[in-house]
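Peer 1: Model the following, please.
(one chain, ligands or ions: 1)
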Amino acid sequence: MPQVRVCRAFWTERVRETEKQEILNAIAVPLLAWYDVHKRTLPWRGTKDPYQVWVSEIMLQQTRVAAVLPYYERWMRELPDVEALAAVENERLMKLWEGLGYYSRVRNMQKAAKMLLTEYNGKFPQTSKELCRLPGIGSYTAGAIASIAFGEAVPAVDGNVLRVAARTAGIADDIMDPNTRKLFQKMMEKAVPKERPGEYNQALMDLGAVVCVPNGAPDCGQCPLAGLCVANRLELQNTLPVRAKKAKRRVEELTLYLLVRGDQIAMRKRPEEGLLAGLWEFPHVPGTLDETAAAQVLRGWGVTPLEWQKKITGKHIFTHVEWHMTGYLLTVRGGGEDFLWAGAETLQTLAVPSAFGKFLEHALRRMNSR
Ligand code: SF4
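Peer 2: Numbering: from 1, shown residues only. I've put the predicted structure just below:
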């Protein structure tokens, strides 16, 4: 009944600002009581080490908890502190991040680690304001570190919190709008309790992840905020939060070459700036080429095809662009120094973005079958 929904959404706009704030101020008590019983067991839970909080929070941006777990554990074994992160070789750092995507995150982490060593004597600053000075740390991450590690009463407002707050307080503003985000930030600054702010923020993360979920029905019957929640009262769970439609993604077509020469395969390093900067890729050109057109490109590279073995297609979705890829696996001779000719062992040490994961699997299978 869309009309009913519009009327109810309209009503939520009439909820007085003070009332919305009062609702948000009231969530701390039931939320923390729920958290004490239902909190998730995670390797970074219970720690007050700002380094561990930081690493987990950066990894969790845009990535599910289950996917992060093995990365986090491997990272902590290899890079247990700021000194180790500042010192690690770029190639190894990229390899540790391979598959998590959004590589600027890990580059910024190393920059921040170096800054911590030079400007802060290797210690994290203890306020969210000061933490925001570090590369790659925005108000969400700063809030998480400052509240969990140092007990500062500041919120950590991410998509989960925007959703829970919009539903609970009945806020119908577009959460994609930066002004709305500022409004939520201000409201949550007032709502965060002086006692246990770190656990409060983690409780909101857990509630947003397992109860007040984004897609499908939130589990209002199990929610500690159900008695306060405007969305629950007015059945607006599917209407809130309001999110303006995103612009359509641009589609780019690519033709990839998996060039096998003897027991080696051609790889190429991406430029140091831009998308997937500095990572390794299979040589490719724009467009979807058939074998005849693809062979012409090879001639330009000084490569002679011997046997076209397989055609592989794949797709990868980034935030603003979608790659539709056609790959050719073939044996060749020739080919100069434009490429790194990598054996199976070297190939496994290169940081290859997950966009090429399917092609990498084929390449490794082909090389290991020799
Ligand atoms: S009652 Fe439902 S909609 Fe409201 S916060 Fe809880 S799970 Fe979300």
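Peer 1: same question for the helix or strand harbouring Arg74, mean pLDDT?
Peer 2: Per DSSP states H and E, Arg74 falls inside helix 65-78. Helix 65-78 carries an average pLDDT of 96.
Peer 1: cool, stretch 198-206 as well?
Peer 2: Averaged across stretch 198-206, pLDDT comes to 97.
Peer 1: Next, Val251: phi, psi?
Peer 2: phi -100, psi 130 (degrees, to the nearest 10).
Peer 1: Please read the previous query as pertaining to Gly327.
Peer 2: Residue torsions, per degrees, to the nearest 10, at Gly327 are phi -120, psi 140.
Peer 1: quick one: buried residues of the helix or strand harbouring Lys182?
Peer 2: Counting by DSSP H and E, the element that carries Lys182 is helix 178-191. For helix 178-191, the neighbour count (16 or more other C-beta atoms under 10 Å) marks 180-181, 183-185, 187-188, 191 as buried. Every C-beta, even on glycine, is put in place using the N, C-alpha and C of the backbone.
Peer 1: so the following helix or strand past it versus helix 65-78, what angle?
Peer 2: The helix or strand immediately downstream of helix 178-191 is helix 197-210, counting by DSSP H and E. For helix 197-210 against helix 65-78, the angle by axes from the mean of the first three to the mean of the last three C-alpha atoms, to 10 degrees is 140 degrees.
Peer 1: which strands and helices sit next to whatever helix or strand comes next after helix 197-210?
Peer 2: Following helix 197-210 in sequence order, the next helix or strand is helix 230-234 (DSSP H and E). The contact analysis (3 or more C-beta pairs under 8 Å, 6 or more residues apart in numbering; DSSP states H and E) places helix 230-234 against helix 2-14, helix 159-169.
Peer 1: Can you name the residues of the chain that neighbour the ligand?
Peer 2: Residues of the chain found near the ligand (C-beta under 6 Å from any ligand atom) are 164, 167-168, 211-212, 218-220, 223, 225-226, 229, 231-232, 237.
Peer 1: Find the residue closest to the residue in the stretch 251-370 of the chain that the ligand sits nearest to in space, skipping its chain neighbours.
Peer 2: The nearest approach of the stretch 251-370 of the chain to the ligand comes at Thr319, 26.0 Å away (C-beta to the nearest ligand atom). Nearest in space to Thr319, with sequence neighbours left out and distances taken as C-beta to C-beta, 6 or more residues apart in numbering, is Arg249 at 7.9 Å.
Peer 1: mind checking how far the one you found is from Lys358?
Peer 2: 19 Å (C-beta to C-beta, to the nearest Å).
Peer 1: what about these two, which has more around it?
Peer 2: Comparing Arg249 with Lys358 by neighbour count (other C-beta atoms under 10 Å), the higher total belongs to Lys358, at 16 against 12.
Peer 1: just for this structure, where's the confidence low?
Peer 2: 1-15, 216, 370 (pLDDT under 70).
Peer 1: Show me the domain layout of it.
Peer 2: 2-234, 250-368 (automatic domain parsing).
Peer 1: Please identify the most buried of the ones you listed.
Peer 2: Looking across those with neighbours counted as mean count of other C-beta atoms under 10 Å, the highest average goes to domain 2-234: a mean of 17.
Peer 1: can you give me the offset of that domain from its chain's centre?
Peer 2: 13 Å (C-alpha atoms, centre = their mean, to the nearest Å).
Peer 1: cool, stretch 227-240 as well?
Peer 2: 28 Å.
Peer 1: how long is it end to end?
Peer 2: One end of stretch 227-240 sits 17 Å from the other (C-alpha to C-alpha, to the nearest Å).
Peer 1: secondary structure element for Ile171?
Peer 2: Here Ile171 is assigned to no helix or strand, by DSSP H and E.
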